[in-house]
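**Student:** need a structure here:
(2 chains)
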Amino acid sequence: MGVFRVELQAGGIAHLVMDHPARKVNVLDAEAIADLEQAMGVLERSDGLTGVVLRSGKSGTFIAGADVSAIGALTDREQVLSLIRRAHGAFNRLAGLACPTVAAIDGVCLGGGTELALACDARIASEEPRTQIGLPEVLLGIFPGFGGSQRLPRLIGLAAALDLILTGRSLDARRAEKTGLIARAVPAAWLIERAHEHLAVLARRPAGQRRDAYRPRGLGAWFVDRTPFGQAIALGQARSMTRARTGGHYPAPLAAIEVLERTLRLPLEAGLAIEAARVSDLVTGTVCKNLVRIFELSERAKKDPVVADASVSPTPVRSLLLIGAGVMGGGIAELASRFGITVRVRDLKPEALTHALQTARSLIAERTRRRGGRGEAAREALAQMTRIQPTLEMAAAGRADFAMEAVVEDLDVKRRVFAELEVRLGHDAVLATNTSSLSVDALAQGLAHPERLCGFHFFNPVHRMPLVEVVRGAKTSDRTLVTAVGLARRLGKTPVVVSDAPGFVVNRILMPYLGEAMVLLEEGYPLPDIDRAMRRFGMPMGPFEVLDEVGLDVARKVAGVLGRAFPDRTPPATVLEKLVAAGRLGRKSGLGFYRHRGRDRRPDPGLCAFLGLRRGRKSPGPEVLAERMVLAMINEAARCLEEQVVADAGMLDVAMIFGAGFPPFRGGLLRHADALGLAKVEARLTSLGAEKGERFRPAALLKRLAAAGGTFTAPPASA
Amino acid sequence: MTSAPVWILAGVRTPFAKAGGPFRGAPVYELGRVAIAELIATQDLDPASLDEVIFGNCGNPAEAANVARIAALMAGVPEPVPAVSVHRNCASGMESVADAAYRIQAGAARLVLAGGMESMSQMPLLYATEYATWLEGLMRAKTPAQKLGVFARFRPAMLRPRIALAEGLTDYVCGLNMGQTAEVLAREFHIGRARQDEWALVSHQRAVAARERLREEMVPVFPGPGFEMVRDDVGPREGQTLEALGKLKPYFDRRNGTVTVGNACQVTDGAVALLIGDQATAARWRTPPLGRIRAFAFAGLSPQRMGLGPVFAAAKALAAAGLGLGDCELFEINEAFAAQVLACLEAAKSEAFAQAELGRTQALGEIPVERLNVNGGAIALGHPVGASGARLLLTTLMEMRRRRLRRGLATLCVGGGQGAAFVLERD
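**Tutor:** As a prediction, the model looks like this:
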């Protein structure tokens, strides 16, 4: 016994306390399951128990779920199956105790933690915001396998269970109470008292009806959850929504729907057997492994100390000075103010400030609406808006801890901004540039303290894109870097540290990909086929859709920077030039590669004529089109690794997933290359190089790895 | 009072906007919040170094019992810094500074953020007490019969709203509204319509000419929901003429009156924030302090003649300072009404008035009109009642700095029969 202990309380009540000795938060690993079996033995042998309370010995967290890295390491299906069945057995013993059982939840309760709580007769939870109850397994390419797929529909009905299992979202205590997942939300201070009271309530119920079970509220709920016809509709809807959302690339949600459907009318034990079999298939599948890898990498991006010297600590950022309210100003201001940071936004143009404030306000209003729109949410929205302070004057810069410039992409203008900031701000304030095309080192020239400057590259739209490229210039100090990375994390973003190379990582790898798409177009392949090929590959948008969203003028600027940096391998951007010259800038001007109307986007029949291209060359199939564009990315990614623009393949993959929407189920760009086989990748690049030119010549690192039989993600020591 | 010098270190204000104008959607504490936050930012002030926040406000919104505290917290003043709202009608913005001075002189504070704020746009409509009583009865009624009885007692007249703004501008004791008190002074000092309109015109002309100068004491505000910038006071009219003023009907006494909305102050929204510090704080202040409070006084008089308050208060403050009117080089008399300002000028230079009312043997002195309200007054700029007092101090000190003057006198009449006066000094 070490993970679970049994504490006897007054009145014949026992506490089953989970307190994993080896971990900061409770995780249900193999050791924990074995220990639970022992604890169940103790409880089963105890006479005269009046009730059992399941609680956590860790203050402020309940049970965070299964051991994610263990899931990533499991490769033997039989081993997985036996582990799951063993957990089923232990959980069933908890469910089968003669006395009433209540789970008392305070803090995160996810995955296996929720499933363990579901084995109890009833659950209560603290109403603190830290309490989040959910089943996020689907995000790791599996679905709840410790009885969750069986016990959840029995507790909250089929429709609600599908929602929680398929989205992986978690609920706070109030919402959980509403759906019936818990019996009651209570203040954390009274959690144990209320749990004891609830045991007494359960004890008064007639035997056989002690467990909380689903009771449909209203005719609609009854129809959906209790009639075969209604169930069929709910399942059908879930299936079509899932297909639309996953493009068929993710097996787990469809498997979950299938299991819920098949086990709907089966007894619990039979259902558990089916659940175990399907989850075992998924755990050992590629998609699960890829998603686990991405999860672990993003955790690393969130926690990595970034610098070798552990004594360097970030400066806490209380106030942010944003110079330039341009395109991203409103989004950045909204984001920072949401996390309690006062943002002074300075722009010379009042209209720019007005626009930034309007943008921030509508983003805040949207979030507030989603959170119910009243009470606490509305109050927070008001307070958030007061943290955004517009000003025309640099003199009113105030006491900013962190200054970020987002002014026009012009070296001299930006240098002047930093020269002024350096004089005005306290000596420990960090300076950052949101540039996407200029060099941080070039901007640092002339500063008395260039070590205070770093790049802080958001992606547009700021509130939706999770990546921030934190650019380390040649002179950027550890403290500056750590502070910038700390700020990105506080803003809920995933920071990836990159070096000061043209285009940093994401744009640098995206440009050859977008460029290749334009070459394909010039070769006469139909534009919709090219976009469709990449969407089928798993990208959220096709390359031309991306170009139109970003803005063709912006794309041309970035292409120009990279073209100057790497002239030997950049195809001429003639298509972009022509479109920009004609004022076809993409969504913002209503016309780009597509015609835009509101959110709607349609192919432009006049595009080929406008560009003077021959039309209607027959596509060789989506795989062939996608291959060329993906190989262009892989090749450039290899060069980034070689030049150490980013720490390793893992961080590069994180950047491409969170910054460019590279499909997570493929595990990342370089993981995808490894899966293709580097020798094959090299061979294809070589032959494409012979056919299409220099830009496909395989990168040196790729050649070395291919020759040594290595991979990007786990390179042999020699490479 | 001269023992421990009290300094006005710095100040900013929002533009003043006509009620119902661009600040229509901003509650009073939001205006105060902007003034406080901008003062903190422009002065590079660590708000934790404040000993207290004191703000004047007259029309206290129901949801914000202590508006000063709310504005301070929303502006980022840390929680341990206490805040109090003060109310001396139109002098509330001076009362806050006076209170700060008392604390500093008593050694209880070294640095105080004082000021005033008012939203006359958001003065509420109220239900009559009768209606509240009726509602209470309805809630207490249990049986249908009882309820029917209560319903039978309902009278539609109960629903007639009470207009907080109008009631606030009416003196409870004498029953006159502020405009009617101005008519009292117009008659007493025989100040006809033409003279009043001429003064109003001067106020607009001076305010328009001072637009650039006034920007120096203001911060631009971007009020929701549209967030369009408001950079200047809304009140001053470029092309104001005597003809246009002459066309207006008397507002408070329609048949025989002289006071119109054109020669009276505007109903306005705005906020002002000042930093008040002791000698030591002023000595180490990053920027040169605006000036020093030499003396101040509040004086009482009959509510019907409240417009003469400046004369009573000035006499008291100057006596406390041991100075005469002639020692002052710049003057502000808040323009509640043109008639009232002109009456003050008459009263100040009258020996008979001085003997009868001020207990002086000689007249207070003549206030030169070319040194009075040189950047326009409330007739053009507007009079957000709780804020104006602080604006007068700020405007006077800023102009003294521009003209390199040593001494100024800022005064204000107060509804309910009071006056306020501050003698300000610069080195």
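**Student:** got the contact list for residue 188?
**Tutor:** No chain was given, so I picked chain A. Going by CB atoms under 8 Å, 6 or more residues apart in numbering or on different chains, A:Ala188 touches A:106, A:126-128. C-beta here means a position set from N, CA and C on the backbone, and glycine is covered the same way.
**Student:** My question was about chain B, not that one.
**Tutor:** B:305, B:343.
**Student:** which outside residues touch the helix or strand bottoming out on mean pLDDT in chain A?
**Tutor:** Taking mean pLDDT, DSSP states H and E as the measure, chain A has helix A:607-611 as its least confident helix or strand, at a mean of 86. Applying CB under 8 Å, 6+ apart, the contact partners of helix A:607-611 are A:521-522, A:527, A:575, A:578-579, A:582, A:593, A:604, A:614-615.
**Student:** Greatest separation within these: which pair is it?
**Tutor:** Spatial extent of the contacts of helix A:607-611 (CB to CB) is set by the pair A:Ala582 and A:Arg614 at 19.7 Å.
**Student:** Which residue of these two possesses the greater neighbour count?
**Tutor:** For the pair A:Ala582 and A:Arg614, the greater number of neighbours falls to A:Ala582 (13 against 9), based on other CB atoms under 10 Å in any protein chain shown.
**Student:** Let me have the contacts of helix A:607-611 in JSON lines, adding secondary structure as columns.
**Tutor:** Compiled in JSON lines, the contacts of helix A:607-611 are given as follows (DSSP: H, G, I helix; E, B strand; the rest coil):
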{"residue": "A:Leu521", "secondary structure": "helix"}
{"residue": "A:Glu522", "secondary structure": "helix"}
{"residue": "A:Leu527", "secondary structure": "helix"}
{"residue": "A:Val575", "secondary structure": "helix"}
{"residue": "A:Lys578", "secondary structure": "helix"}
{"residue": "A:Leu579", "secondary structure": "helix"}
{"residue": "A:Ala582", "secondary structure": "coil"}
{"residue": "A:Phe593", "secondary structure": "coil"}
{"residue": "A:Asp604", "secondary structure": "coil"}
{"residue": "A:Arg614", "secondary structure": "coil"}
{"residue": "A:Arg615", "secondary structure": "coil"}
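**Student:** which of those residues has the most neighbours?
**Tutor:** Sorting the contacts of helix A:607-611 by how many neighbours each has (other CB under 10 Å) puts A:Phe593 first, at 29 neighbours.
**Student:** thought it was touching A:Val546?
**Tutor:** No - between A:Phe593 and A:Val546 no contact is recorded; they are 9.8 Å apart, counting by CB atoms under 8 Å.
**Student:** So which residues on the stretch 301-450 of chain A come close to chain B?
**Tutor:** The stretch 301-450 of chain A comes close to chain B at residues A:342, A:344, A:350, A:353-354, A:357-358, A:361, A:383, A:385-387, A:389-393, A:395-399, as judged by CB under 8 Å from any CB of the partner chain.
**Student:** can you pull out the helices in the stretch 1-150 of chain A?
**Tutor:** A:30-45, A:68-73, A:77-95, A:112-119, A:148-156 (DSSP state H, counting those that start in this stretch).
**Student:** Please name the residues that touch B:Pro5.
**Tutor:** By CB under 8 Å, 6+ apart, the residues touching B:Pro5 are B:278-279, B:282, B:292-293.
**Student:** change it to 6 Å
**Tutor:** Applying CB atoms under 6 Å, 6 or more residues apart in numbering or on different chains to B:Pro5 gives the contacts B:279, B:292.
**Student:** For B:Ser96, see how far away it is.
**Tutor:** Applying CB to CB, to the nearest Å, the value for B:Pro5 to B:Ser96 is 19 Å.
**Student:** Poorly predicted segments of chain A, please.
**Tutor:** By pLDDT under 70, the low-scoring segments of chain A are A:1, A:396-398, A:615-616, A:715-719.
**Student:** So which residues on it come close to chain B?
**Tutor:** Residues of chain A lying close to chain B (CB under 6 Å from any CB of the partner chain) are A:342, A:350, A:354, A:357-358, A:386, A:389-390, A:396, A:398.
**Student:** Taking these, tell me the two that lie furthest apart.
**Tutor:** Once CB to CB is applied, these give A:Gln358 and A:Gly398 as the farthest pair, at 22.8 Å.
**Student:** okay, these two: which has more neighbours?
**Tutor:** Counted by other CB under 10 Å, A:Gln358 and A:Gly398 do not tie: A:Gly398 has more neighbours, with 23 against 17.
**Student:** Okay, and the closest residue to A:Leu625 other than its chain neighbours sits in which element?
**Tutor:** Spatial nearest neighbour of A:Leu625, excluding adjacent residues (CB to CB, 6 or more residues apart in numbering or on different chains): A:Ala533 at 4.0 Å. Secondary structure assignment for A:Ala533, by DSSP states H and E: helix A:527-537.
**Student:** Can you name every helix or strand that that helix contacts?
**Tutor:** Contact partners of helix A:527-537 among helices and strands, from 3 or more CB pairs under 6 Å, 6 or more residues apart in numbering or on different chains; DSSP states H and E: helix A:506-522, helix A:543-550, helix A:622-642.
**Student:** Chain neighbours aside, what residue packs nearest to A:Gly2?
**Tutor:** Excluding the flanking residues, the one nearest A:Gly2 by CB to CB, 6+ apart is A:Pro21, at 5.1 Å.
**Student:** And A:Thr391, by the same measure?
**Tutor:** Spatial nearest neighbour of A:Thr391, excluding adjacent residues (CB to CB, 6+ apart): A:Arg346 at 5.2 Å.
**Student:** and the spatially closest residue to A:Glu420 that is not a sequence neighbour, how far is that from chain B?
**Tutor:** Residue nearest to A:Glu420 in three dimensions, not counting chain neighbours: A:Met394, with 5.9 Å by CB to CB, 6+ apart. Applying CB to the nearest CB, to the nearest Å, the value for A:Met394 to chain B is 11 Å.
**Student:** Distance check, A:Met394 against A:Leu152.
**Tutor:** Remark: distance between A:Met394 and A:Leu152 (CB to CB) = 57 Å.
**Student:** When the two are compared, which one has more neighbours?
**Tutor:** Set side by side, A:Met394 and A:Leu152 show more neighbours around A:Leu152, with 24 against 15, by other CB under 10 Å.
**Student:** Tell me if I'm right that that one and A:Ala159 touch.
**Tutor:** No - using CB atoms under 6 Å, A:Leu152 is not in contact with A:Ala159, being 11.4 Å away.
**Student:** The closest residue to A:Leu83 other than its chain neighbours and A:Val3: what is the separation?
**Tutor:** Leaving aside its sequence neighbours, A:Leu83 sits nearest to A:Ala30 (CB to CB, 6+ apart; 6.3 Å). Remark: distance between A:Ala30 and A:Val3 (CB to CB) = 10 Å.
**Student:** Can you pick out the residue with more neighbours from those two?
**Tutor:** A:Val3 (24 against 14).
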